[in-house]
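Visitor: What follows is a predicted structure for the sequence shown.
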Amino acid sequence: MLRRRIQEILSRKFPRWVFDDRTGPLDWSVLPMEMKREIVKHADIRTRHSLRQCSHQDKQIVDSFKISLPFVRIESDHNYASLMICESRTQILKVLLTRKKFRFRRKTVVQISDNIAGEKYEEFCKNEDLDVVLQSLLGIISWINITIDTLNLDLKYPHDAITKYLDIHYRQCFGPRRKTRVICSSMEFSCAQVHFLPIDETRIISDLVTNWQSGRLMMAGKKYNIVPMGHFAEIGQIAFWKPSLLECNLGALISGILWKMAGEMVYYYIPGLEVTEAEQQELARRFEAVVRRHGVVNVLSITDGADVERKLYVKISTCGVQIQKAGIDEDPRFPKEGCMLDWMCSKCDKSVKSWYFRTTNRIKGD
């Protein structure tokens, strides 16, 4: 589509002999404004950033387009910081900054890659301090024409550049960035002095995901409200506990959860697990469960004779399985919108942010 559009513009703006006799590529400065705008419209964030540095006219062209970034991730540690911008699953810019010492002088090593793993990177050194380079880097996502859908933070050290950026754009509950959903990936954000942020959700995963059968994953979660440094923040679902049950089937898993009914866990998620009707009937017979149907979800209500205050809900759908511990008089909970597996379901949630979390936590399905 872009190539066809460019050919139409070239044929309308330039005589044919300009291209027939030319042996090299066209110079950017001689291209018509319509073609420049069409190219910028389809360019990635790195190309647009480079064009903004070329001339005042190019900067005006870039700034004339509104840019919506689905997912941005910022990480920090004492001698480390990174910025990752995901425009789509295939258009990714990841910049990693590391403070290193070379012959009694500190420099900043910059690595630029086009994948979330940071592999096959370009590397060069900057003489400026890490905070100076980081401030310049954060300027890319500070343009007035940029909006961010989801901002993911994994902050372990209070770099001044990051704190200043977050303070300017996200401290208040209004402004152009308020629609941004802030997801925290570290419980240490209070140590990073960003306790003023309106945190929408916290996802702590990494080694807290468990392989339980044939490479499948099970995740456990709980609702939390915390008060960091005197400021109220509502924390969403957190995956934080590693169950001891490995290499088992669903029936053995349910038995193990019933054995630990007094524990604190509220939800267990097994995305992508397919349970046939025959298997569901066998589970219902084995645990003397009451079977109900809620839309497209079959719910097995299991009561443990040893615990008269709690019961277990096993929710089975084509997307996977969710196991919920509940009070004896509590009904099973379902989200008002979307899938019960939330971002873990690759069938229902096609967003870039959910794809990132599934990919980094080895949840198959994409």
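Guide: Here it is on my side, so go on.
Visitor: Could you find the closest non-adjacent residue to T360?
Guide: I116 (6.7 Å; C-beta to C-beta, 6 or more residues apart in numbering). In this view, the C-beta of every residue, glycine as well, is placed from N, C-alpha and C.
Visitor: Reduced to three states, what does the one you found come out as?
Guide: Assigned by DSSP: H, G, I helix; E, B strand; the rest coil, the conformation of I116 is coil.
Visitor: and if you look at the one 3 residues further on?
Guide: Secondary structure state of E119, per three-state DSSP, is coil.
Visitor: Report the separation between it and L283.
Guide: Remark: distance between E119 and L283 (C-beta to C-beta, to the nearest Å) = 42 Å.
Visitor: Tell me if V132 really is in a helix.
Guide: Yes. Assignment of V132 by three-state DSSP places it within a helix.
Visitor: May I ask which helix or strand encompasses I39?
Guide: For I39, the element it lies in under DSSP states H and E is helix 33-41.
Visitor: Show me which positions of that helix end up buried.
Guide: Buried residues in helix 33-41, defined by neighbour count with 16 or more other C-beta atoms under 10 Å: 35-36, 38-40.
Visitor: my guess is the residue nearest to T360 meets Y356, correct?
Guide: Yes. Counting by C-beta atoms under 8 Å, I116 sits close enough to Y356 to count as a contact (6.4 Å).
Visitor: Now for those two: what residues contact both?
Guide: Residues touching both I116 and Y356 by C-beta atoms under 8 Å, 6 or more residues apart in numbering: C86.
Visitor: okay, the two: which has more neighbours?
Guide: Neighbour count, other C-beta atoms under 10 Å: between I116 and Y356, Y356 has more, with 21 against 17.
Visitor: Could you list which residues are in contact with the more buried one?
Guide: 71, 73, 86, 116, 152.
Visitor: Could you check how many residues crowd around G320?
Guide: So G320, with other C-beta under 10 Å, has 24 neighbours.
Visitor: Against K260, how distant is it?
Guide: Taken as C-beta to C-beta, the span from G320 to K260 is 21 Å.
Visitor: Equivalent analysis for Q281, please.
Guide: For Q281 relative to K260 (C-beta to C-beta), the value is 25 Å.
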